[in-house]
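Asks: Here is a sequence together with a model predicted from it:
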Amino acid sequence: MKIKLDNLTGEEVRELIRQHLASMMETSPPESVHALDLSGLQRSDVTFWSVWEQGELMGCGALKELDGRHGEVKSMRTASAHLRKGVARRMLQHIVDEAGRRGYHRLSLETGATESFVPARTLYESFGFRYCEPFSDYAEDPYSAFMTLELQ
C-alpha cells in the first residue's frame with residue numbers, strides 16, 4: 001500500500017468521496033452529516049491523502065488543522081472492494097504520525113454513533129482514542145460520537 005498526498009482531481013478519488021457522502025446520508029439525517037465535500041477537502045487547512053496498491057484506489061483520509069495544537073481526522077473511507085485489508089488502520093496511523101510531526105497535542109474526530117459505525121469506533125479505540133465532549137464547532141448530536149487522542 002502506498003499513501004500519497006492527493007489534490008482530489010482524479011475521477012477515482014472523486015467517486016470515492018461521492019460514495020462516502022452518499023453513505024453518510026443513508027445512515028444519518030442531513031443535519032448530522034459532518035463529512036466534507038470536495039470543496040471542503042480542498043481547503044488550505046485540510047491535507048488529503050489517498051491509498052493505492054498496484055494502481056487501484058483503496059481508500060482515503062484527511063487531517064484538518066483546528067489550531068496549531070489540535071487536528072481533526074476527516075474523511076476516512078475504504079473502498080468497498082478493499083474492506084478488511086488494513087487500509088483504514090494504515091491511513092489512521094499515517095494521520096496520527098503526521099499530527100505528531102506537526103506538533104499537535106491533540107487529535108480529535110467525529111464519527112457516527114449508530115451500529116453501522118461500530119467498526120470505525122473500534123478502530124479508533126484500538127489507537128487509544130477516547131470518547132469526549134463535542135469539540136470545535138460541533139454540538140451534541142445523538143447520531144455523532146466524538147473521540148480524542150492526546151499526543152506526546
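Replies: Nice, I can see it.
Asks: List the buried residues in whichever strand in the chain runs longest.
Replies: If you go by DSSP state E, the chain has its longest strand at strand 56-67. Buried residues in strand 56-67, counted by 16 or more other C-beta atoms under 10 Å: 57-66. Just so you know, the C-beta spots here come from the backbone N, C-alpha and C atoms, and that holds for glycine as well.
Asks: Compile the residues you listed into a markdown table and extend it with columns for distance to residue 101 and pLDDT.
Replies: Formatted as a markdown table, the buried residues of strand 56-67 follow (distance: C-beta to C-beta, whole Å; pLDDT from 0 to 100):
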| residue | distance to residue 101 | pLDDT |
| --- | --- | --- |
| 57 | 25 | 98 |
| 58 | 23 | 98 |
| 59 | 21 | 98 |
| 60 | 19 | 98 |
| 61 | 15 | 98 |
| 62 | 16 | 98 |
| 63 | 10 | 98 |
| 64 | 15 | 98 |
| 65 | 12 | 98 |
| 66 | 16 | 98 |
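Asks: Am I right that residue 145 is in contact with residue 116?
Replies: No - counting by C-beta atoms under 8 Å, residue 145 sits too far from residue 116 to count as a contact (12.0 Å).
Asks: neighbour count winner among these two?
Replies: In terms of neighbours (other C-beta atoms under 10 Å), residue 145 is the more surrounded of residue 145 and residue 116; the figures are 19 against 12.
Asks: For the more buried one, what is the enclosing helix or strand?
Replies: Using DSSP states H and E, residue 145 maps to strand 144-150.
Asks: ok, that strand: who's next to it in the sheet?
Replies: Pairing partners of strand 144-150, with direction, according to DSSP bridges: strand 106-112 (antiparallel), strand 130-131 (antiparallel).
Asks: Packing partners of the helix or strand following the longest one?
Replies: For strand 106-112, the succeeding helix or strand toward the C-terminus, using DSSP H and E, is helix 118-126. Using 3 or more C-beta pairs under 8 Å, 6 or more residues apart in numbering; DSSP states H and E, the elements in contact with helix 118-126 are helix 87-101, strand 106-112, strand 144-150.
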